[in-house]
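# Got a predicted structure here, sequence first:
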Amino acid sequence: MIKYYIQQSWLLIISAFFFGLLLAVTNAAWSGRIEENKIRKLNELMSSLVADSEFTVVLSDVEVEIGKGKIVKTDLYKADGKDGKRSGFCFIASGPGFADKIELVIAVDAAFEKIAGYNVLSSNETPGFGDQIVNDYYRRQFIGAPVEKLTISKGKEQEAKIIDSEIIAISGATVSSDAVVKIFNNFTEPLKSEVSAAGLLTDDN
Amino acid sequence: MAKKTNSAGQTFIAGLWEENPVFRLLLGMCPTLAVTTAVKPSLTMGVSVIFVLVCSNIVVSLMRDLLKPHLRILMFTLTIATFVTIADLFLKAFLPEMSAKLGPYIPLIIVNCLIICRAEACASQNGLYISVIDAFGMGLGFTLVLCLLGAIRELLAVGTIFEIPVMWQSFAPWAAMRMPVGAFITLGLLLGGVNLITRKKA
């Protein structure tokens, strides 16, 4: 019986082994470069939020609940200016969007009191609607907003210029806009508690 | 299904027009509509498909005499998935921006009907040379259509081709061309045009 099965499927078994080996070799050859690309992109995004700073990890694998009992881990980076003074903190935050997972790089000030801004690391939101979360006019609302629970509302463009904890949703993309706000709410306050507990918020900042 | 062609030249040309994967066979519609927002992603997708087509056709052609009928689809899928993964890793390593832009559509090449169709219709029944020529012809035909669609949509959506501005300053972009509706309308009009040309010839 076994001989029959092997006779029928020997090509499949050998091919699976050979292709698996080919993929393993390819992955080994290129995984370093792929990792470098990810790190370079992250550094570029963080540098655009906190200029003239060097970034180092201060807290690794911090667990954050993003709803429905799901836990994700993130690293917290401190940003130190050329004068050695703390210029802020950065971290990757993620959550479900309208179409797929949204990953943001969020920056806050040195006291973890105000948001310095965010960049989109990855998203697959609807072109022309949800993908406008990368646009300046939406992102600008977060710059200077307090690190506290943010709320989303539908309002006029003029209201979007007021910097507070109320974020005006993108017209036609309420779900994506809400997703970004939820990501902020899930990550900023818990990380602030972690940073405070770790004694990283000192008067020397 | 592919017409039985004798010469390599005829096989190659068939993929460009007579048996064009998008215009005549209507295969690979999903990436055709999804990634053709501009010429660059269209070209990247097209070249990736050519790579996967050629490699999978080579492997299938080499093992065609050993294929068991009830396992051939499994073998095709295994072969195609391997080369798609290699293409995906290559883009992540050397063209990370394009990889991010194309997103899930590179891994979705695995289920592109064009590739498994050519493996079944050509590579599993022909020698290595014809299989490779067929893969190049079909892949090039697919790429040219994607680039044409990408050029039209990019031109009307943002006024550029290959990110080079070509439209006049006061040109008002058609945002809809970036969206799925623009893809469907453009492809539909092109298909209509192709049908008109081929009907006239007949």
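Received it, and whenever you're ready, just let me know what you need.

# contacts and neighbour counts: CA atoms only from here.
Will do.

# all helices for chain B, in order.
In chain B, helices defined by DSSP state H lie at B:8-16, B:29-34, B:39-62, B:72-94, B:96-102, B:113-118, B:128-158, B:180-201, listed in chain order.

# Which of those helices sits closest to A:Ile106?
helix B:96-102 (19.3 Å; C-alpha to C-alpha).

# For stretch A:81-89, measure first residue to last.
11 Å (C-alpha to C-alpha, to the nearest Å).

# what sits up against that stretch?
By C-alpha atoms under 8 Å, 6 or more residues apart in numbering or on different chains, the surrounding residues in contact with stretch A:81-89 are A:50, A:52-54, A:76-80, A:107-112, A:204-205.

# so what's the residue most central in space within chain B up against?
Geometric centre of chain B, nearest residue: B:Phe142, 3.5 Å, by C-alpha atoms, centre = their mean. Residues near B:Phe142 by C-alpha under 8 Å, 6+ apart: B:16, B:20-22, B:46.

# For those residues, could you give me JSON lines that also reports pLDDT?
Converted to JSON lines, the contacts of B:Phe142 look like this (pLDDT from 0 to 100):
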{"residue": "B:Leu16", "pLDDT": "92"}
{"residue": "B:Asn20", "pLDDT": "93"}
{"residue": "B:Pro21", "pLDDT": "93"}
{"residue": "B:Val22", "pLDDT": "94"}
{"residue": "B:Gly46", "pLDDT": "96"}
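
# Run a quick neighbour tally on the residue of chain B found nearest chain A.
Closest approach between chain B and chain A, counting by C-alpha to the nearest C-alpha: B:Ala93, at 4.6 Å. Residues contacting B:Ala93 under the criterion other C-alpha atoms under 10 Å in any protein chain shown number 22.

# How about B:Phe171?
Neighbours around B:Phe171, by other C-alpha under 10 Å: 11.

# That one: what's it in contact with?
B:Gly159.

# Equivalent analysis for the one 4 residues further on, please.
Contact partners of B:Ala175, counting by C-alpha under 8 Å, 6+ apart, are A:128, B:157-158.

# buried subset of those residues?
Among these, those buried by neighbour count (16 or more other C-alpha atoms under 10 Å in any protein chain shown) are B:157-158.

# Of all the contacts of B:Ala175, the one with the weakest confidence?
On pLDDT alone, A:Gly128 ranks lowest of the contacts of B:Ala175, at 71.

# Surely it and B:Pro180 touch.
No. Using C-alpha atoms under 8 Å, A:Gly128 makes no contact with B:Pro180, being 9.9 Å away.

# what's around the closest residue to A:Phe112 other than its chain neighbours, how many residues?
Nearest residue to A:Phe112, sequence neighbours excluded (C-alpha to C-alpha, 6 or more residues apart in numbering or on different chains): A:Lys192, at 6.4 Å. By the criterion of other C-alpha under 10 Å, A:Lys192 has 20 neighbours.

# so A:Lys192 sits right up against A:Ala110, yeah?
No. When contacts are counted by C-alpha under 8 Å, A:Lys192 is not listed as touching A:Ala110 (10.9 Å).

# By residue count, what's the longest strand in chain A?
Determined from DSSP state E, the single longest strand within chain A is strand A:53-65.

# List the contacts of B:Gly141.
So B:Gly141 contacts B:15-17, B:20-21 (C-alpha under 8 Å, 6+ apart).

# can you pull the pLDDT of it?
With respect to pLDDT, B:Gly141 has a value of 96.

# Next: A:Lys149.
Looking at A:Lys149, its pLDDT is 89.

# Can you classify it by secondary structure?
With DSSP: H, G, I helix; E, B strand; the rest coil as the basis, A:Lys149 sits in coil.

# interface residues of chain B facing chain A?
Those residues of chain B that sit near chain A, judged by C-alpha under 8 Å from any C-alpha of the partner chain, are B:66-68, B:71, B:75, B:78-79, B:82, B:85-86, B:89-90, B:92-94, B:96, B:100, B:103, B:175, B:178-179.

# Could I get the full set of helices for chain A?
Counting by DSSP H, the helices of chain A are A:2-49, A:136-139, A:174-197.

# so where's chain B uncertain?
Along chain B, segments meeting pLDDT under 70 span B:1-6, B:200-202.

# ugh, wrong one, I meant chain A
A:156-161, A:202-205.

# List only buried entries from the contacts of B:Phe142.
Buried among the contacts of B:Phe142 by 16+ other C-alpha under 10 Å: B:16, B:20-22, B:46.

# With respect to A:Ala116, which of those is nearest?
B:Gly46 (40.3 Å).

# For the residue lying closest to the closest one once chain neighbours are set aside, grab the count of nearby residues.
Leaving out its chain neighbours, the residue that sits closest to B:Gly46 by C-alpha to C-alpha, 6+ apart is B:Thr143, at 4.2 Å. For B:Thr143, the neighbour count with other C-alpha under 10 Å is 25.

# Now do B:Thr143 against B:Thr32, distance only.
B:Thr143 is 9 Å from B:Thr32, by C-alpha to C-alpha.

# follow-up on the earlier one: let me have the contacts of B:Ala175 in a markdown table, extended by distance to A:Gly88.
Output for those, formatted as a markdown table (distance: C-alpha to C-alpha, whole Å):
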| residue | distance to A:Gly88 |
| --- | --- |
| A:Gly128 | 32 |
| B:Ala157 | 39 |
| B:Val158 | 37 |
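
# in stretch A:192-205, what counts as buried?
For stretch A:192-205, by 16+ other C-alpha under 10 Å, it's A:192, A:194-195, A:200.

# Can you show me the CA trace of that stretch as CSV?
Extracted C-alpha coordinates of stretch A:192-205, given in CSV (Å, rounded to 0.1, in the frame of the first residue of the first chain):
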residue,chain,number,x,y,z
LYS,A,192,2.4,56.6,28.6
SER,A,193,1.8,54.5,31.7
GLU,A,194,4.6,52.1,30.7
VAL,A,195,7.0,55.0,30.1
SER,A,196,6.1,56.6,33.3
ALA,A,197,6.5,53.4,35.3
ALA,A,198,9.9,52.9,33.7
GLY,A,199,10.9,56.3,35.0
LEU,A,200,11.6,57.7,31.5
LEU,A,201,9.6,60.8,32.0
THR,A,202,12.1,62.9,34.1
ASP,A,203,12.5,66.6,34.5
ASP,A,204,15.8,66.3,32.6
ASN,A,205,13.9,65.8,29.3
